[in-house]
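Asks: Quick one, fold the following:
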Amino acid sequence: MRLDGMTKKEVAQELQISDIGRLKIWMRKYRELGEEGLIDRRTLRSTPSEEDDSLQAQ
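Replies: Residues are numbered from 1 along each chain as shown. You can find the predicted model right below:
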């Protein structure tokens, strides 16, 4: 889309992204790392009750 001459604002509107800053971050990651840079690397955190359950199971 950006390569087609669309502005960041136009791309954000087209993709229904309300935060242009987020779009800029994704674009930078894609430029630096390719598709690999867009993979979500966050880990899932267990809830306190899940932690209690695992402690009781030990």
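Asks: Now do the same contact list for Ala12.
Replies: With contact taken as C-beta atoms under 8 Å, 6 or more residues apart in numbering, Ala12 is in contact with 18-20, 23. From N, CA and C alone the C-beta is placed, and that goes for glycine too.
Asks: how does it look with 6 Å?
Replies: Contact analysis of Ala12 by C-beta atoms under 6 Å, 6 or more residues apart in numbering lists 20, 23.
Asks: Now it: which helix or strand?
Replies: Secondary-structure assignment from DSSP states H and E places Ala12 in helix 8-14.
Asks: Please point out which parts of that helix sit buried.
Replies: Taking 16 or more other C-beta atoms under 10 Å as the basis for neighbour counts, the residues of helix 8-14 that come out buried are 11-12.
Asks: For this structure, give the helix that spans the most residues.
Replies: If you go by DSSP state H, the chain has its longest helix at helix 20-33.
Asks: From the rest of the structure, what touches that helix?
Replies: Counting by C-beta under 6 Å, 6+ apart, the neighbours of helix 20-33 from elsewhere in the structure are 8, 12, 17, 37-38.
Asks: Quick check: the farthest pair among these?
Replies: Spatial extent of the contacts of helix 20-33 (C-beta to C-beta) is set by the pair Ala12 and Gly37 at 18.5 Å.
Asks: which element is Met6 on?
Replies: Secondary-structure element containing Met6, defined by DSSP H and E: none, the residue being outside all helices and strands.
Asks: Name the nearest residue to it, ignoring sequence neighbours.
Replies: Once its chain neighbours are removed from consideration, Met6 has its nearest residue in Glu14; the separation is 7.2 Å (C-beta to C-beta, 6 or more residues apart in numbering).
Asks: any idea how far Glu36 is from that neighbour?
Replies: In this structure, Glu14 lies at 24 Å from Glu36, with C-beta to C-beta, to the nearest Å as the measure.
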